[in-house]
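S.K.: give me coordinates for this.
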Amino acid sequence: MKRHETILFYDGVCHLCHGLVQFILRYETSPTIMFSQLQSDVAKKMLTPNNLRDLSTVVLMTPGRIHTQSTAVVHVLWVMGGAWRMVAVLLWLIPSPIRHIGYRVVAKYRYRWFGRSNECVALSDASRLISDP
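M.R.: The predicted structure is shown next:
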């Protein structure tokens with residue numbers, strides 16, 4: 001995949017979301033996924049206002065598609081490759097309404113359970129971050 005074809009937009013002040021990004025950077029079989037914070041000007045330019053209205057979901061942009069909530073997580077695992085594809089398949093077998101309910105519960109309480117920062121947290125691999133000019 002070419003650079004910038006797969007972008008994960010995430011809540012830049014959420015510790016759980018930041019943890020997801022660090023997880024991807026560590027376990028991805030090849031560097032494929034780029035990252036941008038939902039609060040960035042990049043996100044405002046690339047996503048619709050509907051996608052930006054709710055910061056409690058990650059948004060995965062792939063060529064021709066936008067994925068949100070648990071569907072985005074399943075696709076992230078698939079794109080990560082290797083054994084993560086098996087985890088993606090297992091999650092995909094769970095009906096999407098049930099996956100989304102689980103996702104929304106975690107998203108609702110993520111700040112309380114995992115914390116938040118007052119400003120966006122920097123990535124360990126800044127070359128993978130698509131940031132504001």
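
S.K.: what does the helix or strand bottoming out on mean pLDDT in the chain contact?
M.R.: Every helix and strand in the chain was compared by mean pLDDT, DSSP states H and E; the lowest is helix 49-52, with a mean of 78. With Cβ atoms under 8 Å, 6 or more residues apart in numbering as the test, helix 49-52 has contacts from F9, L38, A43, K44, V59, I66, T68. Every residue, glycine included, has its C-beta placed from N, CA and C.

S.K.: next, count neighbours for the fourth one.
M.R.: Burial of K44, expressed as a neighbour count using other Cβ atoms under 10 Å, amounts to 14.

S.K.: backbone torsions only: list them for I130.
M.R.: phi -90, psi 110 (degrees, to the nearest 10).

S.K.: show me how far the next helix or strand after the least confident helix or strand of the chain is from its chain's centre.
M.R.: Toward the C-terminus, helix 49-52 is succeeded by strand 59-62 as the next helix or strand (DSSP states H and E). Taking Cα atoms, centre = their mean, to the nearest Å, one finds strand 59-62 lying 8 Å from the centre of the chain it belongs to.

S.K.: who are the packing partners of strand 59-62?
M.R.: strand 7-10, strand 65-68, helix 69-80 (3 or more Cβ pairs under 8 Å, 6 or more residues apart in numbering; DSSP states H and E).

S.K.: with respect to I98, which of those lies nearest?
M.R.: When the helices and strands packed on strand 59-62 are compared by Cβ to Cβ, helix 69-80 sits nearest I98, at 8.9 Å.

S.K.: tell me the mean pLDDT over that closest one?
M.R.: The predicted model gives helix 69-80 an average pLDDT of 95.

S.K.: what helices or strands is that helix leaning on?
M.R.: By 3+ Cβ pairs under 8 Å, 6+ apart, helix 69-80 packs against helix 15-27, strand 59-62, helix 84-92, helix 96-114.
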